[in-house]
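S.K.: okay, predicted coordinates and the sequence, questions at the end:
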Amino acid sequence: MARKVFFSFHYKRDVRRIVQVRNSWVVRAKGETQPFYDAAEFEEVKKRAGGIEKWIEEQLKGTSVTVVLFGAETYDREWVRHEIKRSYELKKGLLAIDIHKVKDPQLGADVQGRNPLEYWHVDQNGTKVPLSKLYKTYDWCDDNGYNNISDWIEAAAKAVGR
């Protein structure tokens, strides 16, 4: 089943890695994707009434899964955190994919960063549990993301009843 997916990531540092991940999914019949914005569009979004938060809400509409693509600095990104929080609140499927080994055409591989799902915690029977314990995390290279991303997305959607 084709899924409408929201991709959350650190644009400036990881965009060339993200494009590789996105394109590997898009070129095959299995995938359907949200449009990716570029730097110029992002600057324009910030100027609009409601700005980035409103844009994120619009992008999340109709999606069943949020895929957090993370690299070295993604954990600290305010808007990535917001996208994760809103996806959780909206009961979207969530998964994280470590992309630090994906080779940027100009810079090569990167250092590993923290999983952004670790930032948020939920209370389960009086214990704070990080979202990283509730949702799957994969490594794009080690876990063969090129061939498996559609299955990961489908599993994330089914895990939340979508």
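M.R.: Done, it's in. Numbering: from 1, shown residues only.
S.K.: how about the residue most central in space within the chain, secondary structure?
M.R.: Nearest to the geometric centre of the chain sits residue 68, at 2.0 Å (CA atoms, centre = their mean). Secondary structure assignment for residue 68 (DSSP: H, G, I helix; E, B strand; the rest coil): strand.
S.K.: residue 80 is in contact with that one, correct?
M.R.: Yes - using CB atoms under 8 Å, residue 68 is in contact with residue 80, at 6.8 Å. Where C-beta positions appear, they are placed from N, C-alpha and C, glycine not excepted.
S.K.: list residues touching both of the two?
M.R.: Here residue 68 and residue 80 have 8, 9, 74, 116 as joint contacts, going by CB atoms under 8 Å, 6 or more residues apart in numbering.
S.K.: check which element follows the lowest-mean-pLDDT helix or strand in the chain along the chain.
M.R.: Sorting the helices and strands of the chain by mean pLDDT, DSSP states H and E puts helix 39-47 at the bottom, at a mean of 58. Helices and strands here follow DSSP states H and E; after helix 39-47, the next one along the chain is helix 51-60.
S.K.: so how far is that following helix from its chain's centroid?
M.R.: Its chain's C-alpha centre and that of helix 51-60 lie 15 Å apart, by CA atoms, centre = their mean, to the nearest Å.
S.K.: for stretch 59-78, same thing?
M.R.: Worked out by CA atoms, centre = their mean, stretch 59-78 lies 3 Å from the chain centre.
S.K.: in CSV, could you pull the C-alpha coordinates for it?
M.R.: C-alpha atoms of stretch 59-78 as CSV (Å, rounded to 0.1, in the frame of the first residue of the first chain):
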residue,chain,number,x,y,z
GLN,A,59,2.6,19.0,5.4
LEU,A,60,1.5,16.5,8.1
LYS,A,61,-2.1,16.5,6.9
GLY,A,62,-3.0,13.2,5.2
THR,A,63,0.2,11.5,6.2
SER,A,64,0.3,8.2,8.0
VAL,A,65,4.0,8.1,8.9
THR,A,66,6.8,10.5,9.8
VAL,A,67,10.3,9.3,8.9
VAL,A,68,13.0,11.1,10.9
LEU,A,69,16.2,11.0,8.9
PHE,A,70,19.0,11.9,11.2
GLY,A,71,22.6,12.8,11.0
ALA,A,72,25.3,14.4,13.2
GLU,A,73,23.3,17.5,14.3
THR,A,74,19.6,16.6,13.8
TYR,A,75,19.0,15.9,17.5
ASP,A,76,19.4,19.6,18.4
ARG,A,77,17.1,20.9,15.7
GLU,A,78,14.1,22.7,17.1
